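[1] Let's see this in three dimensions:
(4 chains)
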2 protein chains.
Amino acid sequence: MARRPLTMPRKAASQERSRATVDALIEATARLLVREGFDKASTNRIAQEAGVSVGSLYQYYPSKEALVAAVIDRHNQELMEVVRAALAEVAALPVEKAVRKLVAVAIDAHRIAPKLHRVLAEQIPRTGRLEKVATFNREYYALFKAYLEDHRGELRAVDLELAAFVCVTSIEALTHTAVLHRAEILADDATGTLIDEATRLLIRYLK
Amino acid sequence: MARRPLTMPRKAASQERSRATVDALIEATARLLVREGFDKASTNRIAQEAGVSVGSLYQYYPSKEALVAAVIDRHNQELMEVVRAALAEVAALPVEKAVRKLVAVAIDAHRIAPKLHRVLAEQIPRTGRLEKVATFNREYYALFKAYLEDHRGELRAVDLELAAFVCVTSIEALTHTAVLHRAEILADDATGTLIDEATRLLIRYLK
DNA sequence: ACATAATGCGAGCGATCACTCATGTTGTCG
DNA sequence: CGACAACATGAGTGATCGCTCGCATTATGT
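    Model prediction:
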């Protein structure tokens, strides 16, 4: 029986002191992931970086994967918060304006912590967090689909489920790739150009 | 001095026997990556799976990363071969037909060895192969841009460099995500629908 | 002040891993 | 055939890793 390592925190911290410990561990994990990568971030190194003993680490997290999963979850919460806010803000706007705004937000979101985002994107499959991340993505699809339904009048007849998939996947890929692998595309004032292009891509597809 | 592990093969095999050994090693590596994942694919396991001793493994590859890099390179060569062939075949066709064909080919390409493709996509950053892969991607951009230049008459005025980035990134993301994470989208005859949608997305963007 | 629970510690255990080297086997070529 | 190179072998080495456990320190409730 090959058992997937547990990724749930071990117990909740109740005192101020221990909450600080847990925080320090997550921060240290994020820092080490960015600075050294997943492989070199051993539990001993993480504990050291956090100024805490390994023993304490294992009081709260049963494995290295659990720690990384905690970092991933926190990061994803932040991203989804941004996405939710953007879709709420945009709910009453026409598709043209709405899509433009969403693209801009996606770029900003990828800029929050690009290096961390990159490492996490690479290591998610190893932490058994794929499903959790898929859940976030599905929420994004659902929110966007709901927006499309509200603005059906502006759109051609189409399977909105599929349209949401196409739009969200494209936005995500274009912004992710541009920010992480094609910095030159976002140099100076070129960001506006990318936003224009991405917006055009989606608008003409939807209408 | 943190040194990146070497990824170059150690020496060339000159006899028939040793070429078989090298082949067995690469095949075994690919098989183990798919079946067990990167972490569990130790050099000892790989050698065992290949029916070869660890010593022989190290005669030809200086590290585990080198072996995985070899698998990645071979896989990418295969993919680029498909892409090159498709773009050659499509060179004289109008954009509508051409784009449709390219999308279909991209889906097929992802279906060649989806599990291996997935594992490799996840592990590329750990093998120092990012640059090599980036090179392949740039070739794809360049080939597509060349096609667009030849068909400028059918398109709106636009920065073709950027247009190629938008198109290639979108095609890749849509097909990759659909095949690897959204199998239901490609169930039965739904594949045609995805091709239709992706084609519409790009055509209306380009024209 | 005292008892009890919560938290923190870190040396060290067992397992595993990447990799070497001394030695044996097979192919090549005059 | 003989001699030399190419190739194959796998037990063993040192390093590292994840993780535990017995004990010390600090907070909480009474």
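[2] For stretch A:119-127, measure first residue to last.
    Its first and final residues considered, stretch A:119-127 spans 12 Å by Cα to Cα, to the nearest Å.
[3] Which residues are in contact with the nearest residue to A:Thr29 once chain neighbours are set aside?
    In this structure, A:Thr29 finds its nearest non-sequential neighbour in A:Leu67, 4.8 Å apart by Cβ to Cβ, 6 or more residues apart in numbering or on different chains. (Glycine included, C-beta is placed from N, CA and C.) Contacts for A:Leu67 (Cβ atoms under 8 Å, 6 or more residues apart in numbering or on different chains) come out as A:25-26, A:29, A:43, A:46, A:57, A:61.
[4] so A:Tyr141 touches A:Ala164, yeah?
    Yes - using Cβ atoms under 8 Å, A:Tyr141 is in contact with A:Ala164, at 4.9 Å.
[5] between the two, who's got more neighbours?
    A:Ala164 (20 against 17; other Cβ atoms under 10 Å in any protein chain shown).
[6] so what's that one up against?
    A:141-142, A:144-145, A:148.
[7] For chain A, which residues are neighbours of chain B?
    For chain A, the residues in contact with chain B (Cβ under 8 Å from any Cβ of the partner chain) are A:37-39, A:122, A:125-126, A:134, A:159, A:162-163, A:165-166, A:169-170, A:172-174, A:177-178, A:181-182, A:185, A:193-194, A:197-198, A:200-202, A:204-205.
[8] Swap in 7 Å and give it another go.
    Contact residues (Cβ under 7 Å from any Cβ of the partner chain) of chain A with chain B: A:122, A:125, A:162, A:165-166, A:169-170, A:173-174, A:177, A:182, A:185, A:193, A:197, A:200-201, A:204-205.
[9] Restricted to helices, list these.
    A:122, A:162, A:165-166, A:169-170, A:173-174, A:177, A:193, A:197, A:200-201, A:204-205 (DSSP state H).
[10] Of those residues, grab the buried ones for ChimeraX.
    The buried residues among those can be selected in ChimeraX (16 or more other Cβ atoms under 10 Å in any protein chain shown) with this line:
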select /A:122,162,165,166,169,170,173,174,177,197,200,201,205
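[11] Can you tell me which of the ones in helices among the residues of chain A next to chain B is nearest DNA strand D?
    A:Glu122 (16.3 Å; Cβ to the nearest atom of the strand).
[12] is DNA strand D contacted by the lengthiest helix in chain A?
    Longest helix in chain A, counting residues (DSSP H): helix A:64-90. Yes - residues of helix A:64-90 contacting DNA strand D under Cβ under 7 Å from any atom of the strand: A:Lys64.
[13] Could you confirm whether that helix reaches DNA strand C?
    No - counting by Cβ under 7 Å from any atom of the strand, DNA strand C is not contacted by helix A:64-90; separation bottoms out at 12.9 Å.
[14] Could you tell me which residues within the helix or strand following that helix count as buried?
    Downstream of helix A:64-90, the first helix or strand assigned by DSSP states H and E is helix A:95-111. By 16+ other Cβ under 10 Å, the buried positions in helix A:95-111 come out as A:95, A:98-107, A:109-110.
[15] Quick check: A:Ala69 touching A:Thr127?
    Yes - if you go by Cβ atoms under 7 Å, A:Ala69 and A:Thr127 touch, sitting 4.8 Å apart.
[16] next helix or strand past the lowest-mean-pLDDT helix or strand in chain A?
    Ranked by mean pLDDT, DSSP states H and E, the weakest helix or strand in chain A is helix A:114-123, scoring a mean of 88. Toward the C-terminal end, the helix or strand that comes next after helix A:114-123 (DSSP H and E) is helix A:130-150.
[17] Give me the helices and strands touching that next one, please.
    Packing partners of helix A:130-150 (3 or more Cβ pairs under 7 Å, 6 or more residues apart in numbering or on different chains; DSSP states H and E): helix A:64-90, helix A:160-181.
[18] Could you pull up the residues touching A:Arg35?
    If you count contacts by Cβ atoms under 7 Å, 6 or more residues apart in numbering or on different chains, A:Arg35 has none.
[19] So it versus B:Leu32, what's the distance?
    30 Å (Cβ to Cβ, to the nearest Å).
[20] Now A:Arg204: closest residue in space, sequence neighbours ignored.
    Leaving aside its sequence neighbours, A:Arg204 sits nearest to B:Arg204 (Cβ to Cβ, 6+ apart; 4.0 Å).
[21] Show me which residues of chain A sit near DNA strand D.
    By Cβ under 7 Å from any atom of the strand, the residues of chain A that approach DNA strand D are A:5, A:15-17, A:40-45, A:54-55, A:58, A:62-64.
[22] What residues sit buried inside stretch A:47-65?
    A:47, A:49-50, A:52, A:56-57, A:59-65.
[23] which among the contacts of A:Leu67 end up buried?
    A:25-26, A:29, A:43, A:46, A:57, A:61.
[24] Report the two of these separated the most.
    Greatest spacing in the buried ones among the contacts of A:Leu67, by Cβ to Cβ: A:Ile26 and A:Thr43 (13.4 Å).
[25] What mean pLDDT does stretch A:43-61 get?
    Averaged over stretch A:43-61, pLDDT sits at 95.
[26] Check the separation of the first and last residues in it.
    10 Å.
[27] Quick one: distance of that stretch to the chain centre.
    25 Å (Cα atoms, centre = their mean, to the nearest Å).
[28] do the same with stretch A:141-160
    23 Å.
[29] same deal with stretch A:175-186?
    That offset, for stretch A:175-186, works out to 16 Å (Cα atoms, centre = their mean).
[30] Count the residues that sit near the residue nearest to A:Glu149 when sequence neighbours are not counted.
    Distances taken as Cβ to Cβ, 6+ apart place A:Leu160 nearest to A:Glu149, at 6.0 Å, with adjacent residues excluded. Using other Cβ under 10 Å, A:Leu160 has 18 other residues around it.
[31] My read is that A:Leu160 contacts A:Asp150, right?
    No - using Cβ under 7 Å, A:Leu160 makes no contact with A:Asp150, being 10.5 Å away.
[32] of all the residues in chain A, which ones are close to DNA strand C?
    Going by Cβ under 7 Å from any atom of the strand, the residues of chain A near DNA strand C are A:11, A:13-15, A:17-18, A:20-21, A:44, A:51-56, A:58-60.
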